[in-house]
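Visitor: here you go, sequence then predicted model.
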Amino acid sequence: MAVLECGARGWSAELDAVGIDLVWHPSVSLATGAEVIERLERIESGAEPLDILCLEGAVLCGPNGTGRFNRFAGTGRTMLDWVRALAPRAGTVVAVGSCAAFGGIPAGDPDPTDARGLQHTARGPGGVLGTEFRSRSGMPVINVSGCAPHPGWIMETLEAVAAGLIGPADLDALGRPRFFADHLAHHGCSRNEFYEFKASAERPSDRGCMMENLGCKATQAVGDCNQRSWNGGGTCTDGGYACVACTAPGFENTRGFLATPKIAGIPVGLPLDMPKAWFVALAALSKSATPKRVRDNARADRPVVPPGRGPGTR
Amino acid sequence: MTRTIVGPFNRVEGDLEVRLESHDGVVREARVTTPLYRGFEQILVGRAPADALVIAPRICGICSVSQSMAAVAALRAVSGTVAAPNGVLAANIAHAAENIADHLTHFAVFFMPDFARPDYAGAAWHPAAVERFAAETGAASAEILPVRARLLHVMGLIAGKWPHSLAFQPGGTTRALDLGARMRLAGTWRDFRAAFERIVLGGPVEDFLSIETADGLAAYAEAGRADLPHFLRIAAATGCDRLGRGPGPLMSFGAYHGEDGALFAGGVTEAQDGWRPLDPDRIAEDLSHAWMQEGPALHPARGETRPDVDRPDGYSFAKAPRLDGRPVEVGAVARQAVDGQPLIRALLERDGATTVTTRILARMVETARLILAVEGWVRALDLREAFCAPETVRFGDGTGEGLVEAARGALGHWVVVRGDRIQRYQIVAPTTWNFSPRDADGRPGPLEQALVGTPVGDQPGRSVAVQHVVRSFDPCMVCTAH
């Protein structure tokens, strides 16, 4: 539903403009019931071609491998069965959202439904299609992860597929398009100055960096969230709350999302590729150099000290 | 007797299957199946209470803020937190934007395209309906979807992003709006009002809300060129005002709670009778026809969720919630009827039941009322004050009930916290009420009742009347069993 935000003339016109013809979408298509089943059966038998198969939602394998926690309505068959039947027919398979990519929230402990992604699970490669799966075009599953994924990530991926512009080298090791997965959610964060000086927020709505106390994982999570922004100009960190690393497999099993786990006062989750000793040394140095403005503003919900060299200057 | 399975039933949120038994071209019995179970209530157990703010909203991609609001209300009750007034206002503004976005999507993308079906070819009104409302190609959705996207800029300002925001906290909201943000918020809302008046109402909100009688509505429908009067004319021509009758009772938890109570008062009403207060302790979930292990009907604060796909009489993952042992209809029509909105009350008294027409109309009446309410809430923000209360939120032990109104109706979260961990978390969503299966006494749920009597001809699986009735409820199936 997030993708409905795409397109100045509506999503349908946008699809039309990039040459995508919707076979069937559960939310927008006219066809229902028997008309849909007949069409899907034609695709399954190979009588009708399918260029892109998009799946939203985890594939539920339970109970006991039967998949019966999710039957595809009206067909008497499980979604597990349908996915295995249709995926090999598709030119490209796209997992939309962290559930379809990795299992997502339904895979959260105790994983009541044995929820898996198409080609990955919360624990590693695999998924219901298996590590070796390749679609007709030779591609692994494209994982537009995120909970929810940015509408642009979905639409730009589909456009790139339609234009034949995306290949295996354009995906990271977890199948995520590199155009958003080669960035960290931290990049472009409006709280960057607070991060640099380790001037930390202590309570929700404080303006400081949320990494030290409030559970923020933006320095570890992939995504260009803070560069492209959401819903006309927002982001999680700009909205005043922690990044929960929703683009990562297994994000759902964090315990205590809104508090940073620490050992001996040092956050456990340090920036992705930063040596711990360097981080500790730099943090101590920058804390000692923190301007009063930055320190005070970090613990307020609005700027309480404006920028300036001192009284009477600017 | 003809038996028919209708599904996949699309242009609803999530997976839906409907089984019909018809005779002489009329539905005699209906059974509604929720075929997806994901186990959110099991996943929440054992976690830190505040983690519910991350997990619970992800039940649904379109009513995420509603789920956040219910979780926040439940956690507020456990912790005894008092929210900052600005945070209450900001959350209500975001919640209103989400609910309106859902109403618009339902109208333009889910519901209206059925009138463009070839089944209606030959009707004088059909060519205009195709031009305006056809699935994918209709002019209305092409106009309304960009309006919806712009409306959701409210989320960028208040909630950081949508769906799934952690801006909604027991203490309030996490982003203190500054003067520029407030002006952008007011501008976004001004744009939305203008678009809604132009595309949907065909005139000022105030003029539309001054209509209080069935005759007044008929005159509006005849004169107007915008999408709502267009719908009302088609509805009259196709008999939607006699279709999908819901006998009540109608229930609302009360919507948009603030310092002065709720904007839309909560309570219970029959279609034709007056209002009575709601006692949430009289809610129980029956398991007799759900794919759940056998057990007594329990209040959600004591409820259990143990799925059993082999349950002999089971036909849905949805439990059957009942109020005082009765199924109740929820949604915008219930909210407006319980609150005593004059036009909706007048139509219910005339018809003696909810219908396809009143369900659709009530969403637009509600949107018009919310436009005025949000204008007031934006003005009421006091930018000198906090948006989130500074006190640390502590949980410890306790029980909390969070009762709010999502776009589709009454949404309740019940949480039991022991030793700073969630011991029990139960959710009853709007469509759990509306699309509930039968209970131990064999009483069908509201949709199952509303479908009885629907004309289906000799091909019940292709009956467009069934499509109108089912979609008039705007079901959210992912929320239903969660």
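Guide: Okay, I see it.

Visitor: list phi and psi for the residue in the stretch 1-150 of chain A that chain B sits nearest to.
Guide: Of all residues in the stretch 1-150 of chain A, A:Gly74 sits closest to chain B, at 2.6 Å by CB to the nearest CB. To be clear about C-beta, it is placed using only N, CA and C from the backbone, and glycine gets the same treatment. The phi/psi pair for A:Gly74 (degrees, to the nearest 10) reads phi 80, psi -10.

Visitor: grab the nearest non-local neighbour of it.
Guide: Nearest residue to A:Gly74 in three dimensions, chain neighbours excluded: B:Gly7, at 2.6 Å (CB to CB, 6 or more residues apart in numbering or on different chains).

Visitor: neighbours of residue 118, just the number please.
Guide: By default, I'm working from chain A. 28 (other CB atoms under 10 Å in any protein chain shown).

Visitor: think we crossed wires, I meant chain B
Guide: Neighbours of B:Pro118 (other CB under 10 Å): 10.

Visitor: ditto for B:Leu209
Guide: By other CB under 10 Å, 17 other residues sit near B:Leu209.

Visitor: what distance do you get for the residue nearest to it when sequence neighbours are not counted to B:Thr392?
Guide: Nearest residue to B:Leu209 in three dimensions, chain neighbours excluded: B:Ala368, at 5.4 Å (CB to CB, 6+ apart). Look at B:Ala368 and B:Thr392: by CB to CB, to the nearest Å, they are 41 Å apart.

Visitor: more neighbours, the two?
Guide: Relative neighbour count places B:Ala368 above the other of B:Ala368 and B:Thr392, with 22 against 11, counting by other CB under 10 Å.

Visitor: and the more buried one, what's its pLDDT?
Guide: You'll see B:Ala368 listed with a pLDDT of 98.

Visitor: cool, and A:Gly310?
Guide: For A:Gly310, the predicted pLDDT is 69.

Visitor: just A:Arg314 next, same as before
Guide: pLDDT at A:Arg314 comes out at 54.

Visitor: wait, isn't the residue nearest to A:Gly74 in contact with A:Glu35?
Guide: No. When contacts are counted by CB atoms under 8 Å, B:Gly7 is not listed as touching A:Glu35 (11.6 Å).

Visitor: low pLDDT regions in the stretch 201-314 of chain A?
Guide: Where the stretch 201-314 of chain A drops to pLDDT under 70, the residues are A:310-314.

Visitor: try the stretch 151-300 of chain B
Guide: Low-confidence segments of the stretch 151-300 of chain B (pLDDT under 70): none present.

Visitor: how about the residues of it by chain A?
Guide: B:152-167, B:169, B:171-176, B:178, B:188 (CB under 8 Å from any CB of the partner chain).

Visitor: the residues you listed, buried ones only, as a PyMOL selection?
Guide: Buried subset of those, written as a PyMOL selection, criterion 16 or more other CB atoms under 10 Å in any protein chain shown:
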select buried, chain B and resi 152+153+154+155+156+157+158+159+160+161+162+163+164+165+166+167+169+171+172+173+174+175+176+188
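
Visitor: how is chain A divided into domains?
Guide: A:2-181, A:184-301 (automatic domain parsing).

Visitor: need the contact list for B:Val147.
Guide: The neighbours of B:Val147, taking CB atoms under 8 Å, 6 or more residues apart in numbering or on different chains as the test, are B:104, B:192, B:195-196, B:199.

Visitor: so A:Pro271 makes contact with A:Ala218?
Guide: No. Checked against CB under 8 Å, the pair A:Pro271 and A:Ala218 is beyond contact range at 9.4 Å.

Visitor: looking at these two, which is more packed in?
Guide: Higher neighbour count among A:Pro271 and A:Ala218: A:Ala218, with 27 against 18, using other CB under 10 Å.

Visitor: wait, what's in contact with the one residue in chain B that gets nearest to chain A?
Guide: Closest contact between chain B and chain A, by CB to the nearest CB, is at B:Gly160 (1.9 Å). B:Gly160 sits next to A:230, A:234-241, B:166-167, B:174-175 when contact means CB under 8 Å, 6+ apart.

Visitor: please apply the same query to B:Ala368.
Guide: B:196, B:201, B:205, B:208-209.

Visitor: quick revisit: and B:Gly7 and A:Glu35? which has more neighbours close in?
Guide: Per other CB under 10 Å, whichever of B:Gly7 and A:Glu35 has more neighbours is B:Gly7, with 24 against 15.

Visitor: on the pLDDT front, check that one for me.
Guide: At B:Gly7, pLDDT is 92.

Visitor: and it, backbone torsions?
Guide: Per-residue torsions, B:Gly7: phi 170, psi 160 (degrees, to the nearest 10).

Visitor: nearest the geometric middle of chain B, what residue?
Guide: By CA atoms, centre = their mean, chain B has its centre lying nearest to B:Arg408, at 0.7 Å.

Visitor: ok, that residue to B:Val333 distance?
Guide: Distance from B:Arg408 to B:Val333, by CB to CB: 11 Å.

Visitor: hey, what's A:Ala90 bridged with?
Guide: With DSSP bridges applied, A:Ala90 shows beta-bridge pairing to A:Leu50.

Visitor: so what's the residue count around it?
Guide: A:Ala90 - counted by other CB under 10 Å - has 21 other residues nearby.

Visitor: can I assume it is in contact with A:Gly138?
Guide: No. With contact defined as CB under 8 Å, A:Ala90 does not reach A:Gly138; the gap is 12.0 Å.

Visitor: returning to that earlier point: between A:Pro271 and A:Ala218, which contacts overlap?
Guide: Contacts common to A:Pro271 and A:Ala218, judged by CB under 8 Å, 6+ apart, are A:His186.

Visitor: list the contacts for the spatially closest residue to B:Met477 that is not a sequence neighbour?
Guide: Excluding its sequence neighbours, the residue lying closest to B:Met477 (CB to CB, 6+ apart) is B:Gly14, at 3.0 Å. Applying CB under 8 Å, 6+ apart to B:Gly14 gives the contacts B:34, B:36, B:475-480.

Visitor: check contacts around the residue nearest to the centre of chain B.
Guide: By CB under 8 Å, 6+ apart, the neighbours of B:Arg408 are B:63, B:102, B:330-331, B:429-431, B:434, B:473-476, B:479.

Visitor: from these, which ones fall inside helices?
Guide: B:102, B:430-431, B:434, B:479 (DSSP state H).
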